[in-house]
Structure formats: structure tokens, C-alpha cells
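Participant: Predicted model and sequence follow; I will ask about them next.
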Amino acid sequence: MTEFIIAPSILSADFARLGEDTQAVLDAGADWVHFDVMDNHYVPNLTIGPLVLKALRNYGITAPIDVHLMVKPVDRIIGDFAQAGASIITFHPEASEHVDRSLALIKESGCKAGLVLNPATPVHVLEHVMDKLDVILLMSVNPGFGGQSFIDGTLKKLETVRTMIDQSGFDIRLEVDGGVKVDNIAEIAAAGADTFVAGSAIFNTDDYANTITNMRQMIQQ
Ligand code: DX5
Ligand code: ZN
């Protein structure tokens, strides 16, 4: 049976009380913390970096932290995130000069590694690095902002990548990011996703536990 992972994006958390809000979402049943790093260069927004990740670890957050790098260049920031306490680091192939090298740097730093595909990025970029991936993250919105609508074409892409993963025989999580809500999570799971990022759909509700429980009920097999 598939182990489903729910990874709230703290992009939609209350940044003024980030430690508390992150702990609250974990206490409410979340599995991972999704940590969106934006640089106002690769994407048109600016968020948080290794210092904030380190502060969350110092605060006492022990759950896996899933760092989604929306930065260019990629390589020189990898070590800082690993040292700060990242568990998983993913990046966009368009932002790296040498994708294979960036993946190797992440692994050498002791973290799990993954590639992120934008809605228009073809899946063939995965082909020659499948053996080096722990996670494939499909963007279901264009990266840069929370609260956007799920792009329906992602469902077909999820099916394609699910087949690629199954045929590869490798243990790779298939994660989806953007516009995931209680209302659409069932069809996203049916298309092959096993790891779900949700920001606004969780943090913009009053009762995180209720929302996460509802999400899990929708994807229970
Ligand atoms: C977008 C980020 C997402 C985003 C998800 O660039 O990578 O993680 O915060 O937010 P929602 O769930 O609100 O679409
Ligand atoms: Zn993200």
C-alpha cells in the first residue's frame, strides 16, 4: 500500500511566528515541511534561506524538511542548506548548468535529491538521471507564488512519470506542488502522486488537523 506524504508549504504560514505555526501543522498530522526558497531571479519572488531553516531546527522542528530551491545558480547554496538541516533538496533543471553535478552535490552533502519540473518542462530531462533521484516534483502551477489554481494538464504528466518510475524499479517519490486542495487531491493521487505539497489549502484554514484529516480521507485506498 502506498505511503502518502502530506507536506504543507510554509510559504503560506505566519512568518512572524514561523516556528510555532510549523510545529502546529506537524502536530496536526503533517509528515514533511515543504520549504520554498525563491530568489527574485529564477522566480519573481523572494522568500527564505538557510538561516531560517536553521532557526526552525533550533526551535525544535525534527520532521523532514523538503527544500524546494527556486534559485539560480543552484550549486553554491546546496552546502548551506545541508548544514542548516535540510533533509531533501530539489531544484529546477533549467536553473542548473550541470544537472548531474548538482544532484551529486546534494547527495554528497548527505541529503536526498530531486528534480522539479515546471508545467511546460518535458519529462525527458529525467531519463538519464533516474538512478540518482529520490524525489520527482511536478509543479502544477508556475513557480513563484502560493494560492494559484492547479493546472489540469499535470494529471496526464503525473501518469506519464508514474509509469517511468514504476518501469525504472527505483524507489522515487512522486510529489506534486501547487493548487492541491481537499477537493482535487483524490484525482491527483489517482494519477500517481504519493507526496502532496499544500500551502494555502492548509494554512488558510482555521483547523489544520481537520484539513489534513480530510485530505488523507480523500486519498485512502
Ligand atoms: C510555488 C511553491 C508552492 C506553493 C504552494 O512556487 O513552490 O510550494 O507555495 O502553494 P499552494 O498550495 O497555495 O498552491
Ligand atoms: Zn514548492
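Facilitator: Perfect, thanks for sending it. Source: prediction; values computed, not measured. Numbering: from 1, shown residues only. Ligands and ions are numbered 1, 2, ... in the order given.
Participant: ok, whatever residue of the chain ends up closest to ligand 2 - contacts?
Facilitator: Across the chain, no residue is closer to ligand 2 than His68, which sits at 3.7 Å (Cβ to the ion). Heads up, the C-betas are built off the backbone N, CA and C, glycines and all. Shown in contact with His68 (Cβ atoms under 8 Å, 6 or more residues apart in numbering): His34, Phe35, Asp36, Val37, Thr90, Val116, Leu137, Asp177, Val197.
Participant: In helices, which of the residues you listed appear?
Facilitator: Among these, no residue falls in helices (DSSP state H).
Participant: can I get those residues in JSON lines with neighbour count?
Facilitator: Formatted as JSON lines, the contacts of His68 follow (neighbours: other Cβ atoms under 10 Å):
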{"residue": "His34", "neighbour count": "27"}
{"residue": "Phe35", "neighbour count": "28"}
{"residue": "Asp36", "neighbour count": "24"}
{"residue": "Val37", "neighbour count": "24"}
{"residue": "Thr90", "neighbour count": "25"}
{"residue": "Val116", "neighbour count": "22"}
{"residue": "Leu137", "neighbour count": "27"}
{"residue": "Asp177", "neighbour count": "26"}
{"residue": "Val197", "neighbour count": "28"}
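Participant: In which helix or strand does the residue of the chain closest to ligand 2 reside?
Facilitator: Using DSSP states H and E, His68 falls within strand 65-70.
Participant: next helix or strand past that strand?
Facilitator: In N-to-C order, the element after strand 65-70 by DSSP H and E is helix 75-84.
Participant: Could I get the contacting residues of Ile6?
Facilitator: Gly29, Ala30, Asp31, Trp32, Phe196, Ala198, Ile212, Met215, Arg216.
Participant: ok, now with 7 Å
Facilitator: Applying Cβ atoms under 7 Å, 6 or more residues apart in numbering to Ile6 gives the contacts Ala30, Asp31, Phe196, Ala198, Ile212, Met215.
Participant: which SS class is it?
Facilitator: Three-state assignment for Ile6 (DSSP: H, G, I helix; E, B strand; the rest coil): strand.
Participant: Just the buried residues of the longest helix belonging to the chain, please?
Facilitator: The longest helix of the chain (DSSP H) is helix 153-168. Neighbour-count burial for helix 153-168, counted by 16 or more other Cβ atoms under 10 Å, picks out Thr154, Leu155, Lys157, Leu158, Val161, Arg162, Met164, Ile165.
Participant: And for stretch 16-34?
Facilitator: 18-19, 21-26, 28-34.
Participant: Show only the entries of those residues found in strands.
Facilitator: Of these, the ones assigned to strands by DSSP state E are Val33, His34.
Participant: circling back: now pLDDT and distance to ligand 2 too, for the contacts of His68, in JSON lines please.
Facilitator: Listed next are the contacts of His68 as JSON lines, based on pLDDT from 0 to 100; distance: Cβ to the ion, whole Å:
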{"residue": "His34", "pLDDT": "99", "distance to ligand 2": "6"}
{"residue": "Phe35", "pLDDT": "99", "distance to ligand 2": "8"}
{"residue": "Asp36", "pLDDT": "99", "distance to ligand 2": "4"}
{"residue": "Val37", "pLDDT": "99", "distance to ligand 2": "9"}
{"residue": "Thr90", "pLDDT": "99", "distance to ligand 2": "8"}
{"residue": "Val116", "pLDDT": "99", "distance to ligand 2": "8"}
{"residue": "Leu137", "pLDDT": "99", "distance to ligand 2": "7"}
{"residue": "Asp177", "pLDDT": "99", "distance to ligand 2": "4"}
{"residue": "Val197", "pLDDT": "99", "distance to ligand 2": "5"}
